[in-house]
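Peer 1: could you work out the structure for the sequence below:
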Amino acid sequence: VALIAGAVVFTSVSTGLIDTTDTITQVKRNYSIQDQKAIHKQSYQSLNEVTYQSLLNQKLTVSDVFLSHYQKFAFENYERIQGLEKNVSYSPLGLYLNLHTLSLGTNDLYQNAFEEYLCSSFAEREENYLPLLTNNFSSKETGSTQVYQGMFLTSDYDLTVRDDYLQKLTDHYVEAFSLSFHNDSDVERMLSWVNGKVNEKNFMTKEMLPEMDENEFIAFVLYTTFFFQQNWGTRFLEEANEKKNFYDVDGSTTTKTFMNHTIYSKYYDYGDYCSVYDYYQNGYSIQYVTSLQKEQSIFDLVKGKNFLIEEEERRKNALMHLSLPKFTSECLIDFTKIFEKSSLSPILVSNNNPFSEIYEPNDYFFSLSSTIQKNKVSFSEDGTIIKSVTESVGKGDATSMPVEVIDVNLDHPFIYVIYDAQHLPVYIGHYSK
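Peer 2: Numbers count the residues shown, from 1 in each chain. Take a look at the predicted model:
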């Protein structure tokens, strides 16, 4: 499936070059990072225009091979984060799209690192990128699911976004912006963009951006947002709610409000545990995996087993009474340390200059500083609401800047001249042996 480049329009001048007159303040190269912070003016502006209308209510199909690889990626990352928090949750879709978009700014040397972590080749990801978007981009009265991406690029230094990179972002429905990360107004506008996509003020804050060392600066921030608000196919009636105990794996109990309804659905019996499904409107479904005995830990039972892949021979269709706790849960996951122990570790090293395909001139070394994902999920009688934001921050390293050096070896005869403060020669000589 080819990407639909016709759905996007550049807002730059007819030459195809981005007008940086108002967005980049030229500074002397020997200014320190701190000196430059005091110089920059407000520079927030859009660099492209993305039209989402072509994504609405369009359904494309991912390949079976890609589905298998994506399930592997989703499960492996769930296992990586499983023990981080009590009620941990994450969006594999948000993380997947974010990482693939990051790979667009790297050279070919780093594609193997992304391929291993994402469990699929660049070509396979490209072929299935648009189906991933279209299948999760819809807005109806019965529910809405929307995925957005925004790449925020620094205008603080004498850098120009490469035209070919900007075209890649546009082709992938990634909105691109130029801003000064030293300007509070610019940063607030960036945060306003991302928080507007999940419909919650202050969902992401400035404090979540990583602090830079003295000789480092934020080169880019990539946001991937996932907003999910879908109604149940069979609604839970509030009058059917009841207070019951919830039994934790450590033996403790807490009193919760449980929602109840009866459905006819799929049921998979795995002996010690089961997998059951409920349904939303608009084609979405939810899988619950739980142990048959309260004393057994579902986490131990499915350890190392990809529960995203069902064994169809264990399936039966049955009438089920489903009792589900009503809850809201939030978590913040730092994937940076996970990446450090994975194939993605090279993109965290500035000396490698992995993100060399974003800017020109290429006088700084760019690497990934951090990737976090904030998630909030709510289950109620009406349905489920999910708000997820994946934030990847790239940094520039001024200390690693490649500098042209001219070797001067005074190992043969030379003339020397000494000047005063006004550049008047006060002494002249030569040395020949």
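Peer 1: phi and psi next, for Ser63.
Peer 2: phi -70, psi 160 (degrees, to the nearest 10).
Peer 1: settle this for me: it is touching Tyr129, isn't it.
Peer 2: No: with contacts counted by CB atoms under 8 Å, Ser63 stays clear of Tyr129, the gap being 11.9 Å. Every residue, glycine included, has its C-beta placed from N, CA and C.
Peer 1: neighbour-wise, which of those two wins?
Peer 2: For Ser63 versus Tyr129, the count of surrounding residues by other CB atoms under 10 Å is larger for Tyr129: 21 against 15.
Peer 1: for the stretch 251-400 of the chain, give me the ranges with low pLDDT.
Peer 2: 398-400 (pLDDT under 70).
Peer 1: strands of that one, start to end?
Peer 2: Ranges of strands within the stretch 251-400 of the chain are 253-269, 273-279, 285-291, 315-325, 327-334, 359-360, 365-379, 383-397, based on DSSP state E, counting those that start in this stretch.
Peer 1: mind giving me the packing neighbours of the shortest one?
Peer 2: Read it as strand 359-360. Packing contacts for strand 359-360, counted by 3 or more CB pairs under 8 Å, 6 or more residues apart in numbering; DSSP states H and E, involve strand 160-161.
Peer 1: look up how far Asn183 lies from Ser380.
Peer 2: Distance, Ser380 to Asn183, using CB to CB, to the nearest Å: 40 Å.
Peer 1: the two: who's more crowded?
Peer 2: Legend: neighbour count by other CB under 10 Å for Ser380 and Asn183, higher for Asn183 (18 against 14).
Peer 1: that one reaches Ser43, doesn't it?
Peer 2: Yes: using CB under 8 Å, Asn183 is in contact with Ser43, at 7.0 Å.
Peer 1: tally of neighbours for Glu360?
Peer 2: 14.
Peer 1: gap between Thr390 and His172?
Peer 2: Thr390 is 15 Å from His172, by CB to CB.
Peer 1: quick one: which of the two has more around it?
Peer 2: Thr390 (27 against 21).
Peer 1: and that one, bridged to which residues?
Peer 2: Thr224, Gln373 (DSSP bridges).
Peer 1: hmm, it is touching Thr101, no?
Peer 2: No: counting by CB under 8 Å, Thr390 stays clear of Thr101, with 9.8 Å between them.
Peer 1: shared neighbours, those two?
Peer 2: Listed as contacting both Thr390 and Thr101 by CB atoms under 8 Å, 6 or more residues apart in numbering are Thr224.
Peer 1: mind listing the helices in the stretch 1-150 of the chain by residue range?
Peer 2: Taking DSSP state H, counting those that start in this stretch, the helices of the stretch 1-150 of the chain run over residues 33-37, 64-81, 92-103, 111-118, 122-134.
Peer 1: looking at these, spot the one closest to Ile218.
Peer 2: Nearest to Ile218, of all these, is helix 33-37, at 10.9 Å by CB to CB.
Peer 1: any idea how far Leu56 lies from Thr145?
Peer 2: If you go by CB to CB, the gap between Leu56 and Thr145 works out to 11 Å.
Peer 1: again, but for Gly196
Peer 2: Note on Gly196: its distance to Thr145, by CB to CB, is 16 Å.
Peer 1: ok so, going back, need the strands of the stretch 251-400 of the chain in CSV with distance to Thr106, can you?
Peer 2: Formatted as CSV, these follow (distance: least, CB to CB, whole Å):
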stretch, distance to Thr106
strand 253-269, 40
strand 273-279, 38
strand 285-291, 34
strand 315-325, 42
strand 327-334, 21
strand 359-360, 13
strand 365-379, 10
strand 383-397, 11
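Peer 1: between the ones you listed, which one is nearest to Glu85?
Peer 2: strand 327-334 (4.9 Å).
Peer 1: what's Leu244 in contact with, if anything?
Peer 2: Small correction: residue 244 is Lys, not Leu. So Lys244 contacts Thr255, Lys256, Phe258, Ser323 (CB under 8 Å, 6+ apart).
Peer 1: what pairs with the last one across the strands?
Peer 2: Taking DSSP bridges, one finds Asn260 as the beta-bridge partners of Ser323.
Peer 1: for it, list the residues it contacts.
Peer 2: Neighbour list for Ser323: Lys244, Phe258, Met259, Asn260 [criterion: CB under 8 Å, 6+ apart].
Peer 1: then the second one?
Peer 2: If a contact means CB under 8 Å, 6+ apart, then Lys256 has Lys243, Lys244, Asn245, Phe246, Pro325, Lys326, Phe327 as its contacts.
Peer 1: which of these sits closest to Ser178?
Peer 2: Set against Ser178, the nearest of those by CB to CB is Phe327 (40.9 Å).
Peer 1: what residues are up against the closest residue to that closest one other than its chain neighbours?
Peer 2: Leaving aside its sequence neighbours, Phe327 sits nearest to Phe379 (CB to CB, 6 or more residues apart in numbering; 5.7 Å). With contact taken as CB under 8 Å, 6+ apart, Phe379 is in contact with Met259, Leu324, Pro325, Lys326, Phe327, Thr328.
Peer 1: which one of those residues sits closest to Leu153?
Peer 2: Among those, and counting by CB to CB, the member closest to Leu153 is Thr328, at 34.7 Å.
Peer 1: quick check, that closest one in contact with Asn375.
Peer 2: No: checked against CB under 8 Å, the pair Thr328 and Asn375 is beyond contact range at 11.2 Å.
Peer 1: please identify which of the two sits among more neighbours.
Peer 2: Asn375 (21 against 11).
Peer 1: next up, the contacts around the nearest residue in space to Asn112 that is not next to it in sequence.
Peer 2: Among residues not flanking Asn112 along the chain, Ser343 sits closest, at 7.5 Å (CB to CB, 6+ apart). The contact partners of Ser343, taken as CB under 8 Å, 6+ apart, are Asn112, Ala113, Phe114, Glu116, Tyr117.
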